[in-house]
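1. Have a look at this prediction, sequence included:
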Amino acid sequence: MGGKDRKTLKAIPYYPMPNEILELLLESKGWPYKRNVERYLRRDRALVAILYLGGLRISEALRLKKSQFMKRNDHILVRSIKLSKSRIEGRPRRIEYRDARLPLNGDRSDLTKLVLDHLEALEGKDAKLFKFDSTRAWQIVTSLLPSFTCHWLRAFCEDYLYDVWDHDLLAVSDYVKVDPRTLELYLRKRHERYPVA
């Protein structure tokens, strides 16, 4: 995709709720695999789910190993996610790693289940979740969700957290490790918070 047809964050028509993303994922036939269709579809759905739930970049998701996932009371902790961008505005990044939390309750828990289903199928605690490159990952995401891009999934996560975390820009910024001034450009301002006038 290039030039004028490129889907940028400015082109997002609306921000889907978690149940809408789940429904689209479960209804989509995805990539037309010739064999092991169920296994690959389970893996592909897990990729989309972890991008959205963790607010991850593709390169961050592709480095994940099974050993990074730890069960907690109300969430799955994904530890030590290596951040993609080593430099920000020409300077070395101050933080190289972050964690993510995949909820076991609430609106997004069914998407966490998609990730857990894939994790259970992997053998060995150091098994990589996804054994393909970023080009293939983009193909998988667009085959499952043709109207969205990988970057949009990250923006949907940020926007959702901004809403449920009481519009705390700094908390969302800390979670995804993005400067709040940059992040602010991609979050919707909420007129819905106020009564109809």
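-> Sure thing, it's come through.
2. so how far is the longest helix along the chain from its chain's centroid?
-> The single longest helix within the chain, with elements called by DSSP state H, is helix 37-54. Chain-centre distance of helix 37-54: 10 Å, with CA atoms, centre = their mean, to the nearest Å.
3. Report the buried residues of it.
-> Neighbour-count burial for helix 37-54 flags 41, 43-54 (criterion: 16 or more other CB atoms under 10 Å). C-beta coordinates here come from the backbone N, C-alpha and C atoms, glycine included.
4. Skipping its backbone neighbours, what lies nearest S59 in space?
-> Leaving out its chain neighbours, the residue that sits closest to S59 by CB to CB, 6 or more residues apart in numbering is S84, at 4.4 Å.
5. let me redo that: K128
-> Closest to K128 by CB to CB, 6+ apart is K65, at 5.7 Å.
6. and if you look at T142?
-> Spatial nearest neighbour of T142, chain neighbours left out: T149 (7.1 Å); criterion: CB to CB, 6+ apart.
7. now swap in S80 and tell me
-> The shortest distance from S80 to any non-neighbouring residue, by CB to CB, 6+ apart, is to Y97 (5.0 Å).
8. who's in contact with that neighbour?
-> Residues counted as contacts of Y97 (CB atoms under 8 Å, 6 or more residues apart in numbering) are 80-83.
9. okay, and the helix or strand of this protein with the least pLDDT?
-> Of all helical and strand segments in the chain, the minimum by mean pLDDT, DSSP states H and E falls on strand 87-88, at a mean of 59.
10. Which helix or strand contains L161?
-> Using DSSP states H and E, L161 falls within helix 150-164.
11. Pipe the contacts of Y97 into TSV and attach secondary structure and distance to L183 per row.
-> As requested, these are exported to TSV (DSSP: H, G, I helix; E, B strand; the rest coil; distance: CB to CB, whole Å):
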residue	secondary structure	distance to L183
S80	strand	22
I81	strand	17
K82	strand	20
L83	coil	15
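12. between the longest helix of the chain and helix 150-164, what angle do the directions make?
-> Counting by axes from the mean of the first three to the mean of the last three CA atoms, to 10 degrees, helix 37-54 lies at 50 degrees to helix 150-164.
13. any idea of the mean pLDDT in helix 37-54?
-> In this model, helix 37-54 has an average pLDDT of 97.
14. could you point out which element follows it?
-> Downstream of helix 37-54, the first helix or strand assigned by DSSP H and E is helix 58-62.
15. Pull out the buried residues from that next one.
-> Buried residues in helix 58-62, counted by 16+ other CB under 10 Å: 58, 60-62.
16. can you list contacts of it?
-> 47, 50-51, 54, 81-84, 129-130, 132-134, 137-138, 150.
17. from those, which two are the most distant?
-> L83 and F132 (20.4 Å; CB to CB).
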